[in-house]
Every structure is written in structure tokens, then in C-alpha cells.
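**Q** fold the following and give me the result.
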Amino acid sequence: MTISRELIRGFKVRQDCIDKVKTVKKTVMMKLNKTSQDVFAHELKIAPSTLSNFLNGKNVAMETFQLICKHLDLNWEEIADREDNYISSSIQQSIQQSFPQTSTPYNPIEYPEGPVARDSSFYISRPPKEEDCYREISKHGALIRIKAPEQMGKTSLLIRILDRAEIQGDRTVYISLKEADNQCFTDLNKFLRWFCATVSRKLKLENRLDEYWEDDISCNMRCETYFEEYILPEIGQPLTLGLDEVDRLFAYPDIYGDFFGLLRYLHEEARRANIWQKLRLVLAHSTEIYVPLDINRSPFNAGFPVDLPEFKTQQILDLAQLYQLDWCDEEAAKIMSIIGGHPFLARLALYHIARQDVTVNEFLQTAASESGIYSQHLHRLMSALEKQPELLVAMREVAKANHPVQLIPEIKFKLQAMGLVKITNPGVIPSCELYRQYFQSF
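**A** Next up, the predicted model:
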């Protein structure tokens, strides 16, 4: 049975209940110490415009209506406008019957937050990248380098490579350099002790650093010895080590040269010593390497490089299908005219459109505004740029120019790492229309 979208389009608050709902909302926000309605909306993982529609008696998706009522401790059945939006039990049964057990299981739409879990059906492949990585990680002493700006899917791919390594019999460890506190970057010795201790803990091995940390040898050799004489023999299996957010080291010149040199050395040792054939490395970073590195000691010109591209039209359509949206190229083109093929921005757009928080046309009109679905994302980017004023000045210049802009390498690559710009031969341009519109207004 086919169900009309009009029958399941959602609910709205009854006109005689609107004042009551607004009063309850104010009380709840005061209890939770929320000073902004937009902040409250984002905590519910809905667009501010959707919350405003709810509070003003306009239609919102049924699932969203119930979610808001739950957080406001309201009985949704008591305040819903039944005349326009009533869904009978027979219609609800028909909705369930439209997803019979014999067909593909219905997937509840998934809020896009952080990496795509390895068991999620919402991961979109970018062939042949995944298969290339799975092939490489099976090799002795493998080194894979994943490069892409923030929120482009590096970590989602990294955890799938680690999953494949587990399937082939490796022990795996995932380490994000964001896990380390600032004290770990005081000097090379502290950093390497943190690194070795973290690997030990994640492998559930006893910390034996003091036993192997000899004073008379270099810090890098202490780390090498700890792996060669303790960790690798102890686990008795190959070890695939995934290092995420390695860009964080670029801010510490007393550390990054020696540590990256160590990784390159261990990768090359796999050609000579059998023990190092058991160590496979996967590095994820957000931009080109703009810090000075000896090319003979850099892991970034060795191993297998993986540049993650943006989604193409078909991948946007595949994602739309996962969100139960029956789209054609025209709808995908409209979305891409604002965000290009940025994976996270695409997921967020399709999530809110699927929930009927916004229509495609509303999305096009409000994407870069304070009331749009990206307001929290844009505020985060602005906050990050304000901490580095030279980046904010440069981004405003790029957004307002009608031609590629020349920037010094460090600023150019930092903006690229944040996903804000694309680097072309003549210069730098905004990575998508969303960022052009938003930063033009400042």
C-alpha cells in the first residue's frame, strides 16, 4: 500500500496550546541554564528554524514533534492539532506494512556526528580508495597516508582499514593525537613515553617503560627498542597502528621531525628485519605538509598515499536513498550548488531534509544564515578562526574576492586543513558557496 506524504507529513501545536508551550519552553530553558533558543535547538539536534516552527504552531515532522515534546515534558497527543494532522492507528499500521519483513530492513535516519561507525549503513564508499587501502594493509610493513580536510571522512576510512586488519588477524590500535594533553608535547622524551604507554594500554599490556627506557640511548631508540623487544614479541601477531590527527604535531618543531623520522625509519626497516614486517602504519592528516622536514626522514613521501575526494553526484544520490529520499540529479545539483560534495555537510543537509525540518528550497535560502541548519557548524569555524586572527583576515579576503587569492603557504594550508578553501594553480578559492556566503557577511 502506498501512503500519501500528506498523511504522514507531521504535526503542529494546536493554536490554543501555543502560549502554554512557549511558557513551558522558557521554564525548561531556565532550569537547564540555556540562554539561547538556538543552543537549545542544537542540543536537540534539530535546526533552530524547526524549533521556531514548532513553537509557532507550524507543521514539523512527526518524529521531531514527539522529540521536542519529550524534552519539554509535554504530552504530544494533548497538544497536537488533530484536525489537520491526525494519523489513525490504521494509517500507522499501513506505514509499518510499507516496510515488510521480506524487504530490505528500514534504517532509522542517523544524525551525522563524528566518524561514521564501522557497522553503520550510512557509510558511502569512494571507489577505488577503500579497496586500494584494504589491499595495501595486507602487505608487510605497510604505510598508508590518508589526506583530506576536516570532516571529509579520514577517520571513517581509517577505522575501516583497522577493521580489515583485524579480519586478516592483526592486532589493531587507534590513536588520535587529540587524546594527548599539552604536557605530552613538552619534549620528545615525554611524547614518546606517552605514545608507547598508550599503545601498551590499548593492547592491554603491562606498562614496562622504565625497564626499556635506557638513559644512554636516544629517545627514538628507546621507543624502537620498546616495540622491538617488548610489544611486538609479546602480542605475537602483526600490529596495525592507526595514527589520526597527526597534524597536531606540526605546532611542535622539537618533536615532529624526530617522531616522523622514526616512523619513516621503522617503515623502511620492514625491508630488512622480520620483526618490523609485523608493524603496519596508517597515518591520517588534514593538509599538505607545510612544516620543514628532511625528505629522507619524512613518512609523507613514502608508503601509499590516499587523497580523499569530495562526493560526486551519484554518491549524493546514494546517500539520499539511505535517508529515504527519492531524488534525481536535479535535487542533488541544488544541494551541491551550496556545499559541493563535502561529505559531512551533505549528510547534515539530507538528515534535516529527510526529517522535514527544511525543504530543499528553504535549505538553499537559509544555509549560510543564523537560522540555517549549519549555524552551529559555522559558529565553530568562526570561533576557531578568531583564535588565529591572521586566518580570519585571510578567509574574509578569499570569500569577498571574485578571483583566486594568493596567500602565504602556512595560512593557505591551515585554511585548507579546516576545509574552508581549495588550492588552485592561480591561488585560493572558497571550497564551497556556503563558506563564501557566510564569510562575506563579516
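**Q** from here on, contacts and neighbour counts on C-alpha atoms
**A** Noted.
**Q** and Val405, bridged to which residues?
**A** On the basis of DSSP bridges, Val405 is bridged to Val428.
**Q** need the contact list for it.
**A** 397-398, 426-429 (Cα atoms under 8 Å, 6 or more residues apart in numbering).
**Q** repeat that for 7 Å
**A** When contacts are counted by Cα atoms under 7 Å, 6 or more residues apart in numbering, Val405 touches 398, 427-429.
**Q** what do you get for Tyr226?
**A** By Cα under 7 Å, 6+ apart, the neighbours of Tyr226 are Tyr212.
**Q** pull stretch 383-401 out as PDB, backbone CA atoms only.
**A** Listed in PDB are the C-alpha atoms of stretch 383-401, where the atom choice follows Å, rounded to 0.1, in the frame of the first residue of the first chain:
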ATOM      1  CA  SER A 383      35.400  30.600  16.800                       C
ATOM      2  CA  ALA A 384      38.500  28.600  15.500                       C
ATOM      3  CA  LEU A 385      39.400  31.400  13.100                       C
ATOM      4  CA  GLU A 386      39.000  34.100  15.800                       C
ATOM      5  CA  LYS A 387      41.700  32.400  17.800                       C
ATOM      6  CA  GLN A 388      44.100  32.900  14.900                       C
ATOM      7  CA  PRO A 389      43.200  36.400  13.500                       C
ATOM      8  CA  GLU A 390      45.500  36.100  10.500                       C
ATOM      9  CA  LEU A 391      43.400  33.100   9.300                       C
ATOM     10  CA  LEU A 392      40.200  35.000   9.700                       C
ATOM     11  CA  VAL A 393      41.500  38.000   7.800                       C
ATOM     12  CA  ALA A 394      42.700  35.700   5.000                       C
ATOM     13  CA  MET A 395      39.400  33.900   4.900                       C
ATOM     14  CA  ARG A 396      37.400  37.100   4.600                       C
ATOM     15  CA  GLU A 397      39.600  38.200   1.800                       C
ATOM     16  CA  VAL A 398      39.200  34.900  -0.100                       C
ATOM     17  CA  ALA A 399      35.400  35.000   0.400                       C
ATOM     18  CA  LYS A 400      35.000  38.600  -0.900                       C
ATOM     19  CA  ALA A 401      37.300  38.200  -3.900                       C
END
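**Q** list the contacts of that stretch.
**A** 405, 411, 428-430, 436, 439-440.
**Q** kindly give a single PyMOL line that selects the buried subset of those residues.
**A** To isolate the buried subset of these in PyMOL, counting by 16 or more other Cα atoms under 10 Å, use the following:
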select buried, resi 405+411+428+429+430+436+439
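**Q** show me which pair in the contacts of stretch 383-401 is furthest apart.
**A** Maximum pairwise distance among those (Cα to Cα): 18.4 Å, between Ile411 and Gln440.
**Q** and of the contacts of stretch 383-401, the nearest to Asn274?
**A** Of all those, Asn274 sits closest to Ile411, with 42.3 Å by Cα to Cα.
**Q** if we ignore the residues flanking it in sequence, what's nearest the closest one?
**A** Spatial nearest neighbour of Ile411, chain neighbours left out: Leu391 (6.2 Å); criterion: Cα to Cα, 6 or more residues apart in numbering.
**Q** could you do Asp329 as well?
**A** Of all residues not flanking Asp329 in the chain, Thr313 sits nearest, at 7.1 Å (Cα to Cα, 6+ apart).
**Q** related to what we said a few turns ago, how about the contacts of Val405, which pair is most distant?
**A** Farthest apart among the contacts of Val405 by Cα to Cα are Val398 and Gly427. That separation is 9.6 Å.
**Q** between the two, who's got more neighbours?
**A** Neighbours per residue (other Cα atoms under 10 Å) separate Val398 from Gly427, with Val398 holding more: 25 against 14.
**Q** please tell me how far the more buried one sits from Tyr438.
**A** 12 Å (Cα to Cα, to the nearest Å).
**Q** if we can go back for a sec, show me what counts as buried in the strand or helix carrying the residue nearest to Ile411.
**A** Using DSSP states H and E, Leu391 sits within helix 389-400. Residues of helix 389-400 classed as buried by neighbour count (16+ other Cα under 10 Å): 391-392, 394-400.
**Q** same question, stretch 311-330
**A** In terms of neighbour count (16+ other Cα under 10 Å), stretch 311-330 has its buried residues at 311-313, 315-320, 322-325.
**Q** of the residues you listed, which belong to helices?
**A** Counting by DSSP state H, these place 313, 315-320, 322 in helices.
**Q** for Lys129, state which of these is nearest.
**A** Of all those, Gln315 has the smallest distance to Lys129: 13.8 Å, by Cα to Cα.
**Q** how deep is the nearest residue to the closest one once chain neighbours are set aside tucked in, by neighbour count?
**A** Residue nearest to Gln315 in three dimensions, not counting chain neighbours: Ile124, with 6.8 Å by Cα to Cα, 6+ apart. Residues contacting Ile124 under the criterion other Cα under 10 Å number 17.
**Q** equivalent analysis for Glu211, please.
**A** 8.
**Q** try Ala47
**A** Look at Ala47: counted by other Cα under 10 Å, it has 24 neighbours.
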